[in-house]
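Participant: I would like the atomic coordinates for the input below:
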Amino acid sequence: MRTKPSNRAQWVAHDVAFLQIILVNVGFIGNPGTNPAEWILVDTGLPQHENDIYQAASDLFGANIPPKAIILTQGHFDHVGTVNNLANSWNITVYAHPQEIPYLTGQTDYPSPDPSVSDGLLAKMSSMFPHQAIDLGTRVQPLPDDGSIPFMPGWRWLHTPGHTPGHIALFRDEDRVLLAGDAFTTVKQESAEAVERQITEIHGPPAYLTTNWSKAWDSVRLLEGLKPEVVISSHGQPMRGDDMRKQLRRLVDDFDILAIPDQGIFVQQPMATEIRPRF
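Facilitator: Sure, this is the predicted structure:
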């Protein structure tokens, strides 16, 4: 299925919207009907796109209304590109999984992307993608151990490692809305053609940056078990309903065929997922 992307934020549920910034999605969670509106930003997209996020927030919730916090599903460059500028501008806290904190406080760089995993153009270009840690200092804090998410009642975070050690997904049991991050995608992210045409179908995590395929498989299995009704991945268009669940079930059953590359550095030697941050 092909879906034409929009340069404006789009509502997916009554209080969940997303904005596609070139090739990655940013999430907005909040009810515009409250006064003043209270909302949360999930991930921050690519560098130099602060104005896209400011404009989308203004469209959704009104002008000059900052979010209560930023939640990061991970620390890869396309998820944290504007986080420093936004968090400082709004004077708010950033929350992430404890295992991701070292990559967000300048302590640990991610491994270099692995372009050998696919012949797709984006995979081949991935060697040029930044992989250095950013430093949010004390601006970033670990998410609560109990799975709750600050300022997001009714939601919970789930640890979904594999793509990164501290990758998380966000889920609301009431209506089974899932923000999957990069645990799986709804477009073949290694392929520039699939991304440009927005061919919507479920795939595994972006292979060129996934460092532990066994953990990634476990994470997809965990999310499939939630039986989500609506899925917003960090790459691709939202999906919903029975067809989405059937595709997700197939990904779980055939993950070794559909997602794990035939070759690659981390196919042979997975990266350890237990990274101990130094607070």
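
Participant: quick one: residues contacting the residue nearest to residue 13 when sequence neighbours are not counted.
Facilitator: Closest residue in space to residue 13, ignoring its immediate chain neighbours: residue 177 at 5.3 Å, by Cβ to Cβ, 6 or more residues apart in numbering. No exception for glycine: its C-beta is placed from N, CA and C like everyone else's. Going by Cβ atoms under 8 Å, 6 or more residues apart in numbering, residue 177 touches 12-13, 16, 171, 228-230, 232.

Participant: could you dump stretch 21-40 to PDB, C-alpha only?
Facilitator: Output in PDB follows, covering the C-alpha atoms of stretch 21-40 (Å, rounded to 0.1, in the frame of the first residue of the first chain):
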ATOM      1  CA  ILE A  21      10.100  14.900   9.200                       C
ATOM      2  CA  ILE A  22      11.700  13.700   6.000                       C
ATOM      3  CA  LEU A  23      12.200  10.000   6.900                       C
ATOM      4  CA  VAL A  24      11.400   9.900  10.600                       C
ATOM      5  CA  ASN A  25       8.300  10.400  12.700                       C
ATOM      6  CA  VAL A  26       7.800  12.600  15.800                       C
ATOM      7  CA  GLY A  27       4.900  12.000  18.200                       C
ATOM      8  CA  PHE A  28       2.600  14.400  20.000                       C
ATOM      9  CA  ILE A  29       0.400  13.100  22.800                       C
ATOM     10  CA  GLY A  30      -2.100  15.500  24.400                       C
ATOM     11  CA  ASN A  31      -5.700  16.700  24.400                       C
ATOM     12  CA  PRO A  32      -6.100  20.000  22.500                       C
ATOM     13  CA  GLY A  33      -9.400  20.500  24.300                       C
ATOM     14  CA  THR A  34      -7.900  21.200  27.700                       C
ATOM     15  CA  ASN A  35      -7.100  24.800  28.700                       C
ATOM     16  CA  PRO A  36      -4.200  25.200  28.700                       C
ATOM     17  CA  ALA A  37      -3.400  22.200  26.600                       C
ATOM     18  CA  GLU A  38      -1.000  19.700  28.200                       C
ATOM     19  CA  TRP A  39       1.000  17.500  25.900                       C
ATOM     20  CA  ILE A  40       4.200  15.400  25.500                       C
END
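
Participant: please report how far residue 173 lies from residue 153.
Facilitator: Going from residue 173 to residue 153 by Cβ to Cβ, to the nearest Å gives 12 Å.

Participant: again, but for residue 228
Facilitator: Between residue 228 and residue 153 the computed distance is 19 Å (Cβ to Cβ).

Participant: more neighbours: which of the two?
Facilitator: A direct count of neighbours by other Cβ atoms under 10 Å for residue 228 and residue 153 places residue 228 higher, at 24 against 8.

Participant: ok, back up a step: and the residue nearest to residue 13, its phi and psi?
Facilitator: As for residue 177, its main-chain torsions (degrees, to the nearest 10) stand at phi -90, psi 130.

Participant: didn't residue 247 look like it was pressed against residue 202?
Facilitator: Yes - taking contacts as Cβ atoms under 8 Å, residue 247 lies within contact range of residue 202: 4.0 Å.

Participant: and these two? Which one has more around it.
Facilitator: Between residue 247 and residue 202, residue 202 has the larger neighbour count (other Cβ under 10 Å), namely 27 against 19.

Participant: and the more buried one, how far from residue 132?
Facilitator: According to Cβ to Cβ, residue 202 stands 30 Å off from residue 132.

Participant: which parts of the chain are helices?
Facilitator: Here the chain has its helices, by DSSP state H, at 50-61, 83-90, 101-104, 121-125, 192-197, 213-224, 241-253, 255-258, 265-268.

Participant: can you redo the ones you listed as TSV with distance to residue 162?
Facilitator: Shown next, in TSV, are these (distance: least, Cβ to Cβ, whole Å):
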stretch	distance to residue 162
helix 50-61	27
helix 83-90	22
helix 101-104	15
helix 121-125	17
helix 192-197	21
helix 213-224	3
helix 241-253	13
helix 255-258	10
helix 265-268	10
